[in-house]
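In: Got a predicted structure plus its sequence, pasted below:
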Amino acid sequence: MPKAKITNEEALAFHLEPTPGKWEVQATVPMTTQRDLSLAYSPGVAVPCEAIAADPGLAYDYTNKGNLVAVISNGTAVLGLGNLGALGGKPVMEGKAVLFKRFADVNSIDIELDTEDPDEFCRAVRLMGPTFGGINLEDIKAPECFIIEQRLKEEMDIPVFHDDQHGTAVICAAGLINALHISGKKIEDVKIVLNGAGAAGIACIELLKTMGARHENCIVCDTKGVIYQGRTEGMNQWKSAHAIKTELRSLEEAMKGADVFLGVSVKGAVTQEMVQSMADNPVIFAMANPDPEITPEEAHEVRRDAIVATGRSDYPNQVNNVLGFPYLFRGALDIHARAINDEMKIACAHALAALAREDVPDEVAMAYGKSLTFGRDYIIPTPFDPRLIHRIPPAVARAGMDTGAARRPIIDMDAYELGLKSRMDPTASILRGINARARKAQSRMIFAEGDDPRVLRAAVMYQRSGYGKALVVGRHDDVKTKLEAAGLEDAVRELEVVNAANTTHLEAYKEFLYSRLQRKGFDQKDVHRLAARDRHVFSALMLAHGHGDGLVTGATRKSAHVLHQISHVFDADAAHGAAGITALLHKGKIVLIGDTLVHEWPNEYDLATIAERAADVARHMGLEPRVAFVSFSTFGYPISERTEKLTKAPKVLEERGVNFEFEGEMTVDVALNPRSKEAYPFSRLTGPANILIVPARHSASISTKLMQEMAGATVIGPILTGVDKPIQICSTVSTANDILNMAVLASAEIG
Ligand SMILES: NC(=O)C1=CN([C@@H]2O[C@H](COP(=O)(O)OP(=O)(O)OC[C@H]3O[C@@H](n4cnc5c(N)ncnc54)[C@H](OP(=O)(O)O)[C@@H]3O)[C@@H](O)[C@H]2O)C=CC1
Ligand SMILES: CC(=O)C(=O)O
Ligand SMILES: [Mg+2]
């Protein structure tokens with residue numbers, strides 16, 4: 001059975017709450033004052049109107065046309081449910097609209113047209129042309145869909161794309177490239193059986209033939225069985241184009257010895273006997289929705305060697321057009337495309353197939369509750385893969401530019417890819433700056449915990465992404481075994497593995513450590529144990545001696561322990577002014593919170609120091625620091641001895657003569673919300689605070705974790721600051737990507 005079953009009640013509740021349906025409209029401009037009204041509406045709006053009338057291309061600049069796609073249907077082939085009518089299909093169309101937004105930041109509106117007449121349908125869509133940058137036709141049955149799409153393509157100057165045809169075909173092609181790669185077969189040689197000769201089916205087989213599948217090797221079936229030359233019943237010109245000379249008449253006969261089965265028909269159309277009769281390592285894409293032609297369990301029961309995909313998200317290998325249409329349109333819109341042509345579709349298929357063969361980010365594996373590595377159960381990227389948005393549209397856009405579909409070619413592809421990243425994560429530009437600094441620094445990064453596979457993967461990524469050299473502390477044979485288990489055998493030769501046994505510096509390290517610890521109750525033996533056996537101490541000693549430029553640790557032990565061990569080598573404690581600063585990124589805003597790592601109960605002097613450390617971090621991130629000391633009271637009300645230290649801390653900063661804005665004490669809303677701040681005109685902050693200094697470690701932990709869990713904020717850190725050398729301490733639940741990010745922070749010397 002699929003792992004996550006949903007009930008009908010759940011499905012209905014999801015569509016009912018919090019408001020009926022799945023999306024709403026939001027303004028992107030302020031609409032609060034008389035002036036806003038004058039600009040957005042009359043008289044100001046007249047200016048762009050006249051400009052566009054004079055030069056229609058300006059609509060891409062002054063209206064939302066360039067990022068607006070209509071999902072248009074008449075409901076005649078809603079998923080595999082048949083003709084549910086225009087209104088019956090609306091939940092699917094609303095769904096496609098939110099998928100556009102979620103996955104590619106394309107604004108989309110669903111439009112249901114109550115007609116089965118292609119002429120009427122085409123006229124309605126054509127008349128809407130000026131509104132949109134593209135038209136996504138959806139769930140219109142064959143053969144009308146072919147007529148409609150062809151005519152609209154000819155009549156309109158924006159991309160018209162029938163998703164069930166080409167979206168499906170592109171994903172099917174991507175999946176098949178990889179499935180054949182695994183089964184060791186070539187597209188030119190395989191015998192393909194397609195069941196369903198409608199919108200999806202005809203497009204799939206056409207694309208596969210463009211990519212090398214041989215006409216005579218492809219058998220197409222519909223409700224009447226095999227489409228053979230000379231058949232007259234239930235035929236149309238699109239089916240005829242794929243008719244072959246054959247004696248085979250039924251799907252059952254066609255399936256014997258087939259290498260590939262593609263199902264875009266209806267639930268249960270394939271039997272176990274049919275699957276059993278297929279060739280070795282059969283590929284079975286049962287793509288009918290919501291229920292496939294045959295379930296993966298049924299197929300695997302009779303053929304363990306089968307590579308099976310479905311259109312559903314609750315089985316492995318989801319071959320579904322959701323992987324295509326958001327990114328195809330993103331790429332097409334970004335070049336102001338006239339059309340989405342075959343080259344753009346094929347580029348999309350190859351980019352998807354290539355992505356599935358790469359190492360999968362932990363975030364994706366975690367979202368799916370299992371590790372994903374290229375193979376029978378992972379032939380196609382998963383829809384929540386965050387790389388899709390910046391890997392697929394550039395491939396589409398490039399193909400569009402190469403084939404003359406672009407009205408406005410992209411000049412700087414690197415900038416475009418970065419822009420795509422930040423499109424989905426508005427704070428990505430800050431991360432981009434940090435990445436650029438790290439890349440420039442080319443630091444030799446010490447990864448202390450070479451016994452942990454996540455750390456090893458992070459180290460490999462660090463080096464392969466061009467940040468610099470990764471030095472891994474661990475035992476060589478253990479590192480080798482773990483890299484091999486992670487499918488990274490090539491990396492064994494790439495990484496430098498360091499340990500107490502293979503370094504020539506151990507004596508120097510011990511001498512250094514003894515000089516620091518001899519008056520703190522440590523004898524030579526203690527020092528030997530620490531230097532030679534504790535990976536955190538050993539790594540810190542490497543760093544202290546310049547045998548690396550930065551250090552990342554903490555993925556395997558609690559941060560308090562790690563910090564304690566590192567403090568033997570560096571003055572990385574509260575007494576010496578170290579502090580942990582966490583950056584919270586949410587809805588395009590960034591706020592730093594301190595101290596999240598070192599001070600448990602800071603006094604006013606500590607708080608002032610933490611503020612200084614946070615200001616350094618802010619500046620390194622390209623922010624102008626504005627510090628608020630926050631509590632539950634604002635400027636003395638309500639009076640409480642608990643807030644005293646937060647009242648005193650700004651005075652300490654005043655005495656220290658620091659060169660950034662600070663104020664306090666105040667509540668968080670007064671710190672962050674300009675309206676709440678209005679009640680305190682004397683406040684020295686010139687804008688919302690971007691650094692919150694909280695009373696103690698517990699409030700720091702509560703506030704950051706609450707933001708992470710409730711609001712889904714992105715959390716960076718805690719970033720260790722105030723230590724002589726760049727050291728970053730991860731959390732024990734870090735993913736390989738989190739560890740890499742900490743390495744990048746260390747390399748960029750943000751702390
Ligand atoms: N996974 C994905 O991404 C996608 C999946 N699909 C799925 O593909 C299916 C078809 O959609 P679409 O092409 O838009 O619909 P169409 O109505 O255009 O075409 C349906 C086709 O299926 C054939 N068919 C129906 N029942 C059977 C059967 N029992 N045996 C053989 N053939 C049959 C029809 O045959 P006839 O011509 O004789 O009537 C017709 O050719 C749906 O289940 C849909 O959910 C569609 C798009 C994307
Ligand atoms: C996925 C899709 O578009 C369909 O099943 O119709
Ligand atoms: Mg569809």
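Out: Arrived safely. Ligands and ions are numbered 1, 2, ... in the order given.
In: which stretches of the stretch 1-150 of the chain have low pLDDT?
Out: 1-6 (pLDDT under 70).
In: need the residues of it near ligand 2, please.
Out: 79, 139 (C-beta under 6 Å from any ligand atom). Every residue, glycine included, has its C-beta placed from N, CA and C.
In: Tally up the residues packed near the residue in the stretch 601-750 of the chain positioned nearest to ligand 1, please.
Out: Per C-beta to the nearest ligand atom, Gly712 is where the stretch 601-750 of the chain lies closest to ligand 1, at 27.9 Å. When neighbours are counted by other C-beta atoms under 10 Å, Gly712 registers 9.
In: cool, Phe538 as well?
Out: Going by other C-beta under 10 Å, the residues that sit close to Phe538 add up to 26.
In: ok, it - contacts?
Out: Phe538 makes contact with 448, 473, 499-500, 509, 531-532, according to C-beta atoms under 8 Å, 6 or more residues apart in numbering.
In: and ligand 3, which of those reach it?
Out: Checked against ligand 3 using C-beta under 5 Å from the ion, these yield no neighbours at all.
In: Closest to Thr643 out of those?
Out: Set against Thr643, the nearest of the contacts of Phe538 by C-beta to C-beta is Ala448 (39.4 Å).
In: Quick one: residues contacting that closest one.
Out: Taking C-beta under 8 Å, 6+ apart, we find Ala448 in contact with 455, 473, 535-536, 538-539, 551-553.
In: In strands, which of these appear?
Out: Using DSSP state E to define strands, the subset of these located there is 473, 551-553.
In: Checking the nearest residue to Ile244 once chain neighbours are set aside next. Helix, strand or coil?
Out: Spatial nearest neighbour of Ile244, excluding adjacent residues (C-beta to C-beta, 6 or more residues apart in numbering): Glu216 at 5.9 Å. Following DSSP: H, G, I helix; E, B strand; the rest coil, the label given to Glu216 is helix.
In: Which strand or helix spans Phe261?
Out: Counting by DSSP states H and E, the element that carries Phe261 is strand 260-263.
In: outside of that strand, which residues touch it?
Out: Strand 260-263 is contacted from outside by 172, 176, 179-180, 190-196, 201, 204-205, 255, 269-270, 274-275, 278, 282-288, 292-294, using C-beta under 8 Å, 6+ apart.
In: Write out the residues of the stretch 251-400 of the chain neighbouring ligand 1.
Out: 264-266, 269, 287-289, 311, 319-321.
In: which of those sit farthest apart?
Out: Using C-beta to C-beta, the pair of these lying farthest apart is Ala269 and Asn321, separated by 19.4 Å.
In: okay, the residue of the stretch 551-700 of the chain found nearest ligand 2: pLDDT?
Out: At 30.4 Å from ligand 2, Lys587 is the closest residue in the stretch 551-700 of the chain, using C-beta to the nearest ligand atom. pLDDT, Lys587: 76.
In: In terms of secondary structure, what does the helix or strand harbouring Arg330 contact?
Out: Element membership for Arg330, per DSSP H and E: helix 325-334. Judged by 3 or more C-beta pairs under 8 Å, 6 or more residues apart in numbering; DSSP states H and E, the packing partners of helix 325-334 are helix 90-104, strand 134-137, strand 160-162, helix 342-356, helix 388-402.
In: where do the helices sit along the stretch 1-150 of the chain?
Out: Taking DSSP state H, counting those that start in this stretch as the test, the helices found in the stretch 1-150 of the chain are 8-16, 34-40, 46-54, 59-62, 85-88, 90-104, 118-128, 144-155.
In: Between these, which one is closest to Ala353.
Out: Closest of the helices of the stretch 1-150 of the chain to Ala353 is helix 90-104, at 18.1 Å (criterion: C-beta to C-beta).
In: Report the buried residues of that closest one.
Out: 90-97, 99-100, 103-104 (16 or more other C-beta atoms under 10 Å).
In: Equivalent analysis for stretch 314-334, please.
Out: Quick answer for stretch 314-334 (16+ other C-beta under 10 Å): 315-334.
In: what about that stretch and ligand 2, touching?
Out: Yes - under the criterion of C-beta under 6 Å from any ligand atom, ligand 2 is reached by stretch 314-334 at 320-321.
In: The protein against ligand 2: which residues are in contact?
Out: Close to ligand 2, as judged by C-beta under 6 Å from any ligand atom, the chain has residues 79, 139, 163-164, 289, 311, 320-321.
In: how about 8 Å then?
Out: 77-80, 92, 96, 138-139, 163-164, 167-168, 200, 287-290, 311, 320-322 (C-beta under 8 Å from any ligand atom).
In: before we move on, the earlier item: name the stretch among the helices of the stretch 1-150 of the chain that sits most buried.
Out: Of all those, helix 90-104 carries the top mean neighbour count, a mean of 20, counting by mean count of other C-beta atoms under 10 Å.
In: what angle do it and helix 8-16 make?
Out: Using axes from the mean of the first three to the mean of the last three C-alpha atoms, to 10 degrees, the inter-axis angle of helix 90-104 relative to helix 8-16 is 70 degrees.
In: Report whether helix 90-104 contacts ligand 1.
Out: No - with C-beta under 8 Å from any ligand atom as the criterion, ligand 1 is not reached by helix 90-104; the gap is at least 9.5 Å.
In: Does that helix pack against any helices or strands, and if so which?
Out: Packed next to helix 90-104, using 3+ C-beta pairs under 8 Å, 6+ apart, are strand 68-73, strand 107-112, helix 325-334, helix 388-402.
In: Pick the most buried one from those.
Out: Highest mean neighbour count among these (mean count of other C-beta under 10 Å): helix 325-334, with a mean of 28.
In: and that one, average pLDDT?
Out: The average pLDDT within helix 325-334 is 98.
In: so how far is it off the chain centroid?
Out: Distance of helix 325-334 from the chain centroid (C-alpha atoms, centre = their mean, to the nearest Å) equals 16 Å.
In: Stretch 218-230 too?
Out: What separates the centre of stretch 218-230 from the centre of its chain is 41 Å, taken as C-alpha atoms, centre = their mean.
In: Now it - C-alpha only, PDB.
Out: Only the C-alpha atoms of stretch 218-230 are listed here, as PDB (Å, rounded to 0.1, in the frame of the first residue of the first chain):
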ATOM      1  CA  CYS A 218       6.100   1.300 -30.500                       C
ATOM      2  CA  ILE A 219       2.700  -0.300 -30.100                       C
ATOM      3  CA  VAL A 220      -0.100   2.100 -29.100                       C
ATOM      4  CA  CYS A 221      -3.300   0.800 -27.600                       C
ATOM      5  CA  ASP A 222      -6.600   2.400 -26.600                       C
ATOM      6  CA  THR A 223     -10.000   1.100 -25.400                       C
ATOM      7  CA  LYS A 224     -10.300  -0.900 -28.700                       C
ATOM      8  CA  GLY A 225      -6.900  -2.500 -28.300                       C
ATOM      9  CA  VAL A 226      -3.900  -2.200 -30.500                       C
ATOM     10  CA  ILE A 227      -3.800   0.600 -33.100                       C
ATOM     11  CA  TYR A 228      -2.800  -1.300 -36.200                       C
ATOM     12  CA  GLN A 229      -2.600  -0.200 -39.800                       C
ATOM     13  CA  GLY A 230      -6.000  -0.600 -41.400                       C
END
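In: Could you give me the buried positions within that stretch?
Out: 218-222, 225-227.
In: Tell me which entries of those lie within strands.
Out: Using DSSP E, the subset of these located in strands is 218-222, 225-226.
In: And what about Leu471, helix, strand or coil?
Out: With three-state DSSP as the basis, Leu471 sits in strand.
In: can you pull up the bridge partners for it?
Out: Counting by DSSP bridges, Leu471 forms beta bridges with Ile446, Glu496.
In: one step back: filter the contacts of Phe538 to the buried ones?
Out: By 16+ other C-beta under 10 Å, these give 448, 473, 499-500, 509, 531-532 as buried.
In: Point me to the residue of the protein nearest ligand 1.
Out: Gly198 (1.7 Å).
In: Quick check: the closest residue to that residue other than its chain neighbours vs ligand 2, distance?
Out: Leaving out its chain neighbours, the residue that sits closest to Gly198 by C-beta to C-beta, 6+ apart is Ala142, at 3.8 Å. Counting by C-beta to the nearest ligand atom, to the nearest Å, the gap from Ala142 to ligand 2 is 12 Å.
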